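**Q** Have a look at this prediction, sequence included:
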Amino acid sequence: MRRNDSFNSVGSFGGGGYGGGYGPTIIIDRCLSSHMLAARREESTEQDSPTMISTNFSSNGSLQQYKSYVNDYIRTIRFQVVVWYVGAVDVMQGQVVAKFRVSMFWNDDGGGHEMRNRMTRSESSEWVMQGRQKAVEHKISDEVSERAVDVPPLSILNAVSFDIIGKPEVKLLREKTKLMRWTCLYKAVLFQDETNMRVEKFPHDEHDLCIKLGILAHRGQGSRWDRNKWRLALATEEDSQRSTRVPHGLLVDHVKIPNFNHDSQNALNFQFVPLGFGSSKEDDSDECLEVKVHIYRESNYFDWNIMPMLATLDVVATALLLLDATSFFQRALLFLNITFVEIGIRMQLDSKLPNVGYQIKMQTILNNSFFRLLGLELESSMVYYLTHIRGWSVEHADIIDMIAASISLVHAIFMLHVYYKDKRPPMKRTSAPKQVGKPITCSPQMYGTPTTATPLLLPLNRQGTSQNGTLDQP
């Protein structure tokens, strides 16, 4: 296992043995590539059926647009993220520990190190990372030879520290289209946005845990991974080869986040956002991938233990106003006893509340319950003074008690509404059905695949894609 405390990027991807966890992900090579299928159909259609070409394409510009589209698909860096583990969420420091596997797919164009010496079936080979931006192929044959290929330098933009479990793997999936796959398993401490970690609504607070991935190095004009030529996208079925039910990644079923729940059917949300990390004002067109999981806190302890107890104490304290105004000593003694009970509850709960510098909802509920008891105590003192010193009748004192009791009950009901209005309904836990036929398809939102492309192609908007294969609104 290897450790690096960098805030900016993944750093070196050098070796190191297997260090625990789930080990390398093996993606089985099951089907032939179809990356260039549309391009071949286009060329055959252009040679054999010129009439059809003139019908489908209004001008040569449209044909060039389609060819440019196919090239744009091939010249993309496509991501797949599989989250294996999420640790306890630290809302004070805004950090969370996560274990996840990142896979990148791209079609090598030989821009840096040309892939030479085409392999034969009798030969076997192994790709080994050399530094951070290059993979070297070792051929296992009678004569040892090597060839190199450039690897996009991945950066985890919100990593405080990270460990690499095992070592990164590089594999040539398709010799014909030079489809490459790089994959690595990380265990990282990720810092989260401060505004997203606030707990004003505790214990009904919700958060979006985020993993930010991007390519920072060599993205300038004319560089190896020029942002104008190499765009970021999501992995497709042709890339993942049906190894997961969602091509671009998912949250595995056994993941349980301490003290929090999540929607297991729609756990991860993928969205490309402006980089805003080290970008200049002159050129801020680059983007990064945000992988988010929406979580909400388990609040049953407070919902079914603390709040019913506080509500019962409030009703009992309000019922003490039924005593005659002249029984001030008995009233005051019982009020103080109930107050001390609430103080004990408050001291016990303080150890379970987040230690933040602002007031949270649970503290507001406890404070209002305490102040309500003190208000009833003061009301009892006032009616006792009016009946014994000012000579008011007991009937007038009873009217004041009824008004005070009504105000107390209305205030208690209002505080219950304030507490429970943010509570989420219980989630139905249903087991996912087994996939019998074709797995869920989800094409990347920006390019699609050449096999499904239509003759006339229009620019597509950049949108976020959720794990269930649907497109979110921008």
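**A** Looks like it arrived, so ask away.
**Q** Would you map the helices across this structure?
**A** Along the chain, the segments classed as helices by DSSP state H run 37-48, 50-56, 60-74, 237-240, 300-301, 307-319, 328-350, 361-388, 394-420.
**Q** I figured residue 287 hits residue 233, correct?
**A** No - if you go by C-beta atoms under 8 Å, residue 287 and residue 233 don't touch, sitting 10.1 Å apart. Using the backbone N, CA and C atoms, a C-beta is placed for each residue, glycine as well.
**Q** between the two, which one's more packed in?
**A** residue 233 (25 against 20; other C-beta atoms under 10 Å).
**Q** Might you report the residue contacts of residue 197?
**A** The contact partners of residue 197, by C-beta atoms under 8 Å, 6 or more residues apart in numbering, come to 91, 94, 207.
**Q** Ok, which of the helices of the chain comes nearest residue 219?
**A** helix 60-74 (16.5 Å; C-beta to C-beta).
**Q** so where is the chain shaky, pLDDT-wise?
**A** Scanning the chain for pLDDT under 70 picks out 1-74, 111-125, 130-133, 138-146, 277-284, 426-474.
**Q** Residue 425: neighbouring residues, count only.
**A** Residues near residue 425, counting by other C-beta under 10 Å, number 5.
**Q** what's the distance between it and residue 360?
**A** 22 Å (C-beta to C-beta, to the nearest Å).
**Q** cool, and residue 322?
**A** Noted for residue 322: a distance of 35 Å to residue 360, by C-beta to C-beta.
**Q** Looking at these two, which has the bigger crowd around it?
**A** More neighbours surround residue 360 than the other of residue 322 and residue 360, with 17 against 11 (other C-beta under 10 Å).
**Q** Please report phi then psi for the more buried one.
**A** phi -110, psi 170 (degrees, to the nearest 10).
**Q** Check the gap between the closest residue in space to residue 363 that isn't next to it in sequence and residue 309 for me.
**A** In this structure, residue 363 finds its nearest non-sequential neighbour in residue 353, 6.7 Å apart by C-beta to C-beta, 6 or more residues apart in numbering. According to C-beta to C-beta, residue 353 stands 16 Å off from residue 309.
**Q** Show me which of the two is the more surrounded one.
**A** Taking neighbours as other C-beta under 10 Å, residue 353 and residue 309 compare with residue 353 leading, 16 against 13.
**Q** and among the helices of the chain, the most buried is which?
**A** helix 237-240 (a mean of 24; mean count of other C-beta atoms under 10 Å).
**Q** for it, packing partners?
**A** Under the contact criterion of 3 or more C-beta pairs under 8 Å, 6 or more residues apart in numbering; DSSP states H and E, helix 237-240 touches strand 76-90, strand 179-191.
**Q** Quick check: which of those is nearest to residue 229?
**A** Across these, residue 229 has its closest neighbour in strand 76-90 (9.7 Å, C-beta to C-beta).
**Q** Please find the angle between the direction vectors of the closest one and strand 179-191.
**A** With axes from the mean of the first three to the mean of the last three C-alpha atoms, to 10 degrees as the basis, strand 76-90 and strand 179-191 are set at 20 degrees to each other.
**Q** which parts of strand 76-90 are buried?
**A** Neighbour counts over strand 76-90 (16 or more other C-beta atoms under 10 Å) mark 76-86, 89 as buried.
**Q** Is residue 209 bridged to anything, and to what?
**A** Counting by DSSP bridges, residue 209 is bridged to residue 293.
**Q** Torsion angles phi and psi at residue 389?
**A** Here is the backbone geometry of residue 389 (degrees, to the nearest 10): phi -100, psi -50.
**Q** And it, how close does it get to residue 170?
**A** Residue 389 sits 91 Å away from residue 170 when distances are taken as C-beta to C-beta.
**Q** and if you look at residue 207?
**A** 35 Å.
**Q** returning to what we had before: now render the helices and strands packed on helix 237-240 as CSV, adding distance to residue 229.
**A** Below are the helices and strands packed on helix 237-240 laid out as CSV (distance: least, C-beta to C-beta, whole Å):
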stretch, distance to residue 229
strand 76-90, 10
strand 179-191, 16
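**Q** do you know which of those strands lies nearest residue 366?
**A** Residue 366 sits nearest to strand 76-90 of all these, at 23.0 Å, using C-beta to C-beta.
**Q** other SSEs contacting that closest one?
**A** Applying 3+ C-beta pairs under 8 Å, 6+ apart, we find strand 76-90 packed against strand 95-107, strand 206-215, strand 231-234, helix 237-240, strand 249-251, strand 268-274, strand 287-297.
**Q** Tabulate these in TSV, adding columns for distance to residue 197.
**A** Output for the helices and strands packed on strand 76-90, formatted as TSV (distance: least, C-beta to C-beta, whole Å):
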stretch	distance to residue 197
strand 95-107	9
strand 206-215	6
strand 231-234	26
helix 237-240	32
strand 249-251	20
strand 268-274	17
strand 287-297	11
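**Q** Those: which one's closest to residue 393?
**A** That would be strand 287-297 among the helices and strands packed on strand 76-90, by C-beta to C-beta, at 52.6 Å.
**Q** what helices or strands is that closest one leaning on?
**A** Contacts defined by 3+ C-beta pairs under 8 Å, 6+ apart place strand 287-297 against strand 76-90, strand 206-215, strand 231-234, strand 260-262, strand 268-274.
**Q** picking up where we left off before, would you mind checking which of the contacts of residue 197 is nearest to residue 193?
**A** residue 94 (7.4 Å).
**Q** What is the burial count for that closest one?
**A** Neighbour number of residue 94 under other C-beta under 10 Å is 19.
**Q** what's the distance between the nearest residue to it once chain neighbours are set aside and residue 92?
**A** Leaving aside its sequence neighbours, residue 94 sits nearest to residue 197 (C-beta to C-beta, 6+ apart; 4.3 Å). In this view, residue 197 and residue 92 are 8 Å apart by C-beta to C-beta.
**Q** same question, residue 219
**A** 35 Å.
**Q** More neighbours: those two, which one.
**A** Higher neighbour count among residue 219 and residue 92: residue 219, with 22 against 12, using other C-beta under 10 Å.
**Q** these two touch, right, that one and residue 228?
**A** No - the criterion here is C-beta under 8 Å, and residue 219 misses it with residue 228 at 9.2 Å.
**Q** Please work out how many residues are found near the nearest residue to residue 163 once chain neighbours are set aside.
**A** Spatial nearest neighbour of residue 163, excluding adjacent residues (C-beta to C-beta, 6+ apart): residue 187 at 4.6 Å. Residues near residue 187, counting by other C-beta under 10 Å, number 21.
**Q** go on, residue 159?
**A** By the criterion of other C-beta under 10 Å, residue 159 has 24 neighbours.
**Q** residues contacting the residue nearest to residue 163?
**A** Residues in contact with residue 187 (C-beta under 8 Å, 6+ apart) are 21, 85, 97-99, 162-163, 165.
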